[in-house]
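Novice: With the input below, show me the fold.
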Amino acid sequence: MLFIVSWTISPQNRNAAIERFLKTGGAPPAGVKMLGRWHAIGASSGFGIADASDPVAIQTWVLEWNDLMNMEVHAALTDEQMAPLLAGTLGK
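Specialist: Got it, this is the predicted structure:
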């Protein structure tokens, strides 16, 4: 299952978040595959796309970081998964 993980770091936690990222590489725990991660220019925020079969693994990852940043997680569908659902909505 795909997940969109976004984060925002407060100015008070910026340096601590940088230190942890440099130490760990921001790697997710076992059971989570990071497909990509992007950082906003000029802001302390960004998002990543991760794949995991168990949402518990995603929550484990959030708990490793949410002492330093606000994190939001949303389950996601690809275009290929969403298209039949949209077609069904229109009765096609």
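Novice: average pLDDT for stretch 78-92?
Specialist: Stretch 78-92 shows a mean pLDDT of 91.
Novice: what's in contact with it?
Specialist: 2, 77 (Cβ atoms under 8 Å, 6 or more residues apart in numbering). Using the backbone N, CA and C atoms, a C-beta is placed for each residue, glycine as well.
Novice: Quick one: the helices in the protein, in order.
Specialist: 14-24, 55-65, 79-89 (DSSP state H).
Novice: Just the CA trace of the second one, in CSV.
Specialist: Pointing back at helix 55-65 there. The C-alpha atoms that make up helix 55-65 are tabulated as CSV, following Å, rounded to 0.1, in the frame of the first residue of the first chain:
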residue,chain,number,x,y,z
PRO,A,55,0.2,0.6,8.4
VAL,A,56,1.8,-0.3,11.8
ALA,A,57,5.2,0.1,10.2
ILE,A,58,4.3,3.5,8.9
GLN,A,59,3.1,4.5,12.4
THR,A,60,6.4,3.3,13.8
TRP,A,61,8.2,5.6,11.5
VAL,A,62,6.0,8.5,12.5
LEU,A,63,6.7,7.9,16.2
GLU,A,64,10.4,8.0,15.5
TRP,A,65,10.1,11.6,14.2
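Novice: Packing partners of that helix?
Specialist: In terms of contacts (3 or more Cβ pairs under 8 Å, 6 or more residues apart in numbering; DSSP states H and E), helix 55-65 is packed against strand 2-9, strand 69-76.
Novice: Which other helices and strands does the first one contact?
Specialist: When you say that, I think you mean strand 2-9. Looks like strand 2-9 contacts strand 45-51, helix 55-65, strand 69-76 (3+ Cβ pairs under 8 Å, 6+ apart).
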